[in-house]
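*Asks:* Sequence and predicted structure below; questions after.
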Amino acid sequence: MESHILHHDKQRFEPKDKVCLFCKKSSLNRNMEDNLFTPVYAVQDRTNLLVYSNVKFKKIDVGVPRCENCRRVHSTVSIISNIAIFFAVITTLVLPIYLSVEFNFSTIGLVIALALTFGVVVLIAMGVEKGLLAMYDVRSKKDGSLKDPLIKEFLRGGWSLKRPTA
Ligand SMILES: [Zn+2]
């Protein structure tokens, strides 16, 4: 592997490149733990019986070159979006119930109101994350990972970024 070195003990590929794939800036003296380690999965064996399903898979972490600044941005963004989701969930539950009491909704009306607020709130939470990343001019964890040559190679080889489910 040209772009990465396999670290046997940690079961991961460590990147050699010093150019951050999230802000495209180069930095010297990069700390290995600032890189983003994205797991890739491949299904090895799948069992599907009527009452039992199981999947065995391989997993390896691929290091995507990331600078210290982008690591900080990613952790800030995930803290803020978790807070946004927390308030979003509360709003989703409270607002429709409040409205249904206030305006005397039927059960169907309440269900529709719940679905609508949930949809709006999910969009807002996604927007918060996108907006923050755009503000810092940093790619999301997924978008940056997809630029990594080794991850691309794994994906071409049938591996996946999603953990296989039974
Ligand atoms: Zn960066």
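*Replies:* Thanks, I have the structure now.
*Asks:* Mind pulling up the pLDDT for the residue in the chain sticking out farthest from the centre?
*Replies:* In the chain, counting by Cα atoms, centre = their mean, residue 104 sits farthest out from the average C-alpha position, at 39.8 Å. pLDDT recorded at residue 104 is 79.
*Asks:* Can you give me the distance of it to the ion?
*Replies:* As judged by Cβ to the ion, to the nearest Å, residue 104 and the ion stand 54 Å apart. For every residue, glycine as well, the C-beta is placed using N, CA and C.
*Asks:* where's that residue relative to residue 117, distance?
*Replies:* Distance, residue 104 to residue 117, using Cβ to Cβ, to the nearest Å: 18 Å.
*Asks:* One more: residue 26?
*Replies:* 45 Å.
*Asks:* So for those two, which sits in the more crowded spot?
*Replies:* residue 117 (19 against 12; other Cβ atoms under 10 Å).
*Asks:* There's contact between that one and residue 97 in this structure, I believe.
*Replies:* No: applying Cβ atoms under 8 Å as the test, residue 117 and residue 97 come out as separate, 10.0 Å apart.
*Asks:* Quick one: the helices in the protein, in order.
*Replies:* Applying DSSP state H to the chain gives helices spanning 68-103, 107-136, 141-145, 149-156.
*Asks:* what bridges to the closest residue in space to residue 11 that isn't next to it in sequence?
*Replies:* The spatial neighbour of residue 11 that comes closest, neighbours along the chain excluded (Cβ to Cβ, 6 or more residues apart in numbering), is residue 60 at 6.3 Å. Partner residues in beta bridges with residue 60, using DSSP bridges, are residue 40.
*Asks:* ok, residue 60 - contacts?
*Replies:* 11-13, 39-40 (Cβ atoms under 8 Å, 6 or more residues apart in numbering).
*Asks:* who wins for neighbours among those residues?
*Replies:* Within the contacts of residue 60, neighbour counts (other Cβ under 10 Å) peak at residue 13, which reaches 24 neighbours.
*Asks:* hang on, isn't that residue packed against residue 35?
*Replies:* No: in this structure, residue 13 is not within contact of residue 35 by Cβ under 8 Å, at 10.0 Å.
*Asks:* so what sits against both of these two?
*Replies:* Common neighbours of residue 13 and residue 35 (Cβ under 8 Å, 6+ apart) are residue 63.
*Asks:* ok, residue 45 touching residue 53?
*Replies:* No: counting by Cβ under 8 Å, residue 45 stays clear of residue 53, with 11.7 Å between them.
*Asks:* Lovely, talk soon.
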